[in-house]
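Q: the following block contains a protein sequence and its predicted model.
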Amino acid sequence: MLGLVMMLSAAAAPAATCAPTRLAACRDTNQLIMAPAFTAAVRRFIGKRKASYLYANGDVADQQIEVLHGPPDEPTRIGDLYRFIACRAHSCPEKGAAVLDPAGKIVALAMLYSPCATADTRDCNRRDDLVVFMRERERLQRVEVVANLRAWAVEQAAGSYTVPGQPKVRFGGMQVIDPTAVR
């Protein structure tokens, strides 16, 4: 009888809330991005950088949060790490990824974007570029994480919608930036 009571009380207990320290409770990227601790961690990880990924000379942390705030996917694993992805609301060709360790520490952040906000606008709407923010000191995970994010970006670019009669969108390339490096 006691076993039945314990099972019923466990079933009635509220589910764990998604948070960086409780990644297994996150059903999708939207749950994670809505956690104030996560958006604060993104800002700390990227710092005060400015760049033109989604729009000209914008705050990179804001752009990263924006690409993680739209339609989400379920988290996947890269070894023991968690990879969360989503696309920008109302502009799904622009996508974001966040890779976290089991303790909830950000290992890498990434944006897949069309480089039309940059000075190089030649064929910008026909290619998708990837920028990955990952600290140099994460050497043990770097190769596996960067390879996974690159494969994801290539797959996303290949699957992008193309207007009939126009060339297919292609993967343009990637850049890995250490967010702690001085610009």
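A: Sure thing, it's come through.

Q: what's near enough to touch the residue nearest the centre of the chain?
A: In the chain, the residue lying closest to the centroid (C-alpha atoms, centre = their mean) is residue 97, at 1.4 Å. By C-beta atoms under 8 Å, 6 or more residues apart in numbering, the contact list for residue 97 reads 68, 83, 84, 85, 108, 109, 110, 111, 112, 149, 152. Glycine gets a C-beta too; all of them are placed from N, C-alpha and C.

Q: how does it look with 7 Å?
A: For residue 97, the contacting residues are 83, 84, 85, 110, 149, 152, by C-beta atoms under 7 Å, 6 or more residues apart in numbering.

Q: who's in contact with the fourth one?
A: When the contact criterion is C-beta under 7 Å, 6+ apart, the partners of residue 110 are 96, 97, 130, 131, 132, 149.

Q: could you rerun that using 10 Å?
A: 64, 67-68, 83, 85, 95-99, 130-134, 145-146, 148-150, 152-153, 174, 176 (C-beta atoms under 10 Å, 6 or more residues apart in numbering).

Q: hmm, residue 157 is touching residue 127, no?
A: Yes. Residue 157 is within contact range of residue 127, at 7.5 Å (criterion: C-beta atoms under 10 Å).

Q: max-length strand in this protein?
A: Using DSSP state E to define each element, the chain has its longest strand at strand 91-100.

Q: state the mean pLDDT of that strand.
A: The average pLDDT for strand 91-100 rounds to 95.

Q: can you list the strands that that strand pairs with?
A: strand 81-88 (antiparallel), strand 106-113 (antiparallel) (DSSP bridges).

Q: quick check: which element contains residue 31?
A: helix 29-33 (DSSP states H and E).

Q: by contact count, what packs against the helix or strand following that helix?
A: Remark: after helix 29-33, the chain's next helix or strand is helix 36-46, criterion DSSP H and E. Judged by 3 or more C-beta pairs under 10 Å, 6 or more residues apart in numbering; DSSP states H and E, helix 36-46 is in contact with helix 29-33, helix 60-67, strand 91-100, strand 106-113, strand 127-134.

Q: so what touches helix 36-46?
A: 18-21, 23, 26, 29, 31-33, 35, 59-65, 68-69, 84, 96, 98, 100, 104-109, 133-135, 177, 179-180.

Q: kindly recompute the last result at 6 Å.
A: 19, 20, 32, 60, 61, 64, 65, 106, 133, 179 (C-beta atoms under 6 Å, 6 or more residues apart in numbering).

Q: what pLDDT does the fifth one get?
A: Pointing back at residue 61 there. Residue 61 is given a pLDDT of 97.

Q: now swap in the first one and tell me
A: pLDDT for residue 19: 91.

Q: measure it to residue 90 for me?
A: 27 Å (C-beta to C-beta, to the nearest Å).
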